[in-house]
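Undergrad: sequence first, then the predicted structure:
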Amino acid sequence: MGDPVVVQGTAVQEHQQQQHPHSDNNDSLDPNFSKGEKQESKCRDPIFAFLFYGNVIAIAVTCAFFGTDAFQTIDDTTSGVDSSDYSGYIWVMCICAAFATIFSGLSLIVMMRIPTLLIKTALIFSVLMSLVGAVWGFASGNIWMGVMGTVFFLIGCCYARAVWSRIPFATANLKTACASIRSNCGVVLISFLFVLIAFAWSFLWAIAFVGTFNSTYSCTEVGGSTVCSGVNYGLLFLLFVSYFFAHQVFTNTVHVIVAGTVGVWWFDPEEGSSCCSSAVIGSSIRAVTTSFGSICFGSLIVAVIQALRALANEARSNGDAGALACVAECILGCLQGIAEYFNKWAFIYVGLYGYSYLEAGKNVITLFRNRGWDAIIADDLIGNVLFLVSVIVGGISGVIGIIIQSSAKLLDDVGGNEIGIAFGLGFVVGLVLCSIFLGAISSAVNAIVVLFAEAPAEFQQNYPELSNEMMTAWSGAFPGSV
């Protein structure tokens, strides 16, 4: 018997390789097409891994030098007129993060139980939100907002009608993803671990951020009026990059681990059918070692765009750039969406075969171009579900923030709308942490889309019931596509 084909650290027997749909007896639509292959085990894109390590060290050093300032007050004037205590921010974030972790775990159970209902609800919800915006616009006298909301509502109705027939395939995809996660529930524990890591990072970064702000922000009395120092946008940009970079790495590491695990489950059920299977362990080790540089590469690209977008939003809020900041924020939002879309599929190949970041991206583009799925995969109905669940968890965390503020009064000294600040902090923390937690489902769904395109024969052989359901649903939604 020849050498086995290795998928994410697990051997797939030769008879499985011979049955691959892209072998000589079952070629793809394009004769130049070649399926993904296991890459040599070595560190890929290592410089970006070192950049990540440097980022973590920089924040730790910042905490060491300025951390105590985060729990002290800021004097708004040299004469001691007013002072604001920002430690309440940190405590509200920590408590909300703890509750968000619990609700994220519960949401995963719900998604596994009622996938069809969630997909339909998420689709209807996305359409109704446009209608709500239109009604709100007309009611408030904002005709432009009302007109745009109406236009988007009509477009949403047309979109919902067009994709409604695809819900069975999306349901089959989600059910298959849930089946792979249930067979390798260790990836859920890994997702939970990374939520805790993200929680710890948010806490560490918050201390560094507030400490740095307290040490650089000052106000003086000039001619009987208070003059405060302006925003240091350069420093703010670096802090934003630091925060988003780490969270992108955490999210994408889970993405790569799950992709590798699902790949083994797809090709070799015996190696991917237990909580702490060799598929889970092998994928985890590879993600934090040889593939970690590739993960950091793609994560940094998105983080820089996110930081620039946050900076543009801050400048617009402060009135420092006018309409230019609004235009920049819009353009950066589009770029962020493109980069995240590219990463979603590139990291599947990083997890499945160990490609470098750029090689993985090229393989994914080639795969979908040859299969004719470039437009089809845009109908990411399951993505609507994940977003809706994340928003719900964020909203619940925001309510927890309000309860904390109402009972403990942790934000009374910061000034402004304390209830609104408490809800905002809880919502953001809950949204971020739940998004990381749901990476297990999202990654499994994306991996299955790629594997269904590339290796349906192995799926039929190992999981005939799931395969028949997906094939039937796909043929019904896209006749002649397979």
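TA: Everything's here; your move. Numbers count the residues shown, from 1 in each chain.

Undergrad: and the residue nearest to residue 144 when sequence neighbours are not counted, what does it touch?
TA: Nearest residue to residue 144, sequence neighbours excluded (CB to CB, 6 or more residues apart in numbering): residue 137, at 7.2 Å. Using the backbone N, CA and C atoms, a C-beta is placed for each residue, glycine as well. Going by CB atoms under 8 Å, 6 or more residues apart in numbering, residue 137 touches 143, 144, 145, 146, 147, 148, 149.

Undergrad: most neighbours of all those, which one?
TA: residue 149 (21 neighbours; other CB atoms under 10 Å).

Undergrad: any weak-confidence spans in this protein?
TA: Along the chain, segments meeting pLDDT under 70 span 1-36, 67-86, 216-231, 318-322, 368, 370-379, 413-416, 478, 480-482.

Undergrad: and which of the contacts of residue 137 is nearest residue 434?
TA: residue 149 (26.9 Å; CB to CB).

Undergrad: hang on, that closest one packs against residue 139?
TA: No. Counting by CB atoms under 8 Å, residue 149 stays clear of residue 139, with 10.9 Å between them.

Undergrad: can you report how many residues neighbour residue 465?
TA: 8.

Undergrad: how close does it sit to residue 117?
TA: Distance, residue 465 to residue 117, by CB to CB, to the nearest Å: 21 Å.

Undergrad: residue 190 now?
TA: From residue 190 to residue 117 the distance is 27 Å (CB to CB).

Undergrad: between these two, which is the more surrounded one?
TA: residue 190 (22 against 12).

Undergrad: correct me if wrong, but the more buried one is in a strand.
TA: No. Applying DSSP: H, G, I helix; E, B strand; the rest coil, one finds residue 190 to be helix, outside a strand.

Undergrad: I'd say it and residue 257 touch.
TA: Yes. Counting by CB under 8 Å, residue 190 does reach residue 257; the two are 5.8 Å apart.

Undergrad: which neighbours do the two have in common?
TA: 280, 284.

Undergrad: strands of the stretch 151-300 of the chain, start to end?
TA: For the stretch 151-300 of the chain, the strands defined by DSSP state E, counting those that start in this stretch occupy 219-222, 225-228.

Undergrad: need the contact list for the closest residue to residue 412 other than its chain neighbours.
TA: In space, and not counting its chain neighbours, residue 412 is closest to residue 418: 6.1 Å by CB to CB, 6+ apart. By CB under 8 Å, 6+ apart, the residues touching residue 418 are 405, 411, 412.

Undergrad: which strands and helices lie in contact with the helix or strand harbouring the first one?
TA: Residue 405 is located in helix 381-408, with elements delineated by DSSP states H and E. Secondary-structure packing of helix 381-408 (3 or more CB pairs under 8 Å, 6 or more residues apart in numbering; DSSP states H and E): helix 87-113, helix 115-139, helix 167-183, helix 418-437, helix 439-454.

Undergrad: show me what counts as buried in it.
TA: 381-402, 404-405 (16 or more other CB atoms under 10 Å).

Undergrad: run the angle between that helix and helix 115-139 for me.
TA: 70 degrees (axes from the mean of the first three to the mean of the last three CA atoms, to 10 degrees).

Undergrad: next, count neighbours for residue 151.
TA: 12.

Undergrad: brain fart, residue 158
TA: 11.

Undergrad: before we move on, what about the one 3 residues further on?
TA: Residue 161 has 10 neighbouring residues, counting by other CB under 10 Å.

Undergrad: show me what contacts it?
TA: Contacts of residue 161 by CB under 8 Å, 6+ apart: none found.

Undergrad: next, work out how far apart it and residue 127 are.
TA: Residue 161 is 10 Å from residue 127, by CB to CB.

Undergrad: on that earlier part again, which of the contacts of residue 137 fall within helices?
TA: 143, 144, 145, 146, 147, 148, 149 (DSSP state H).

Undergrad: gap between the fourth one and residue 64?
TA: From residue 146 across to residue 64, the span is 53 Å (CB to CB).

Undergrad: my guess is residue 130 meets residue 146, correct?
TA: No. In this structure residue 130 lies outside contact range of residue 146 using CB under 8 Å: 11.0 Å.

Undergrad: which one of the helices and strands packed on helix 381-408 has the most crowded surroundings?
TA: helix 439-454 (a mean of 26; mean count of other CB atoms under 10 Å).
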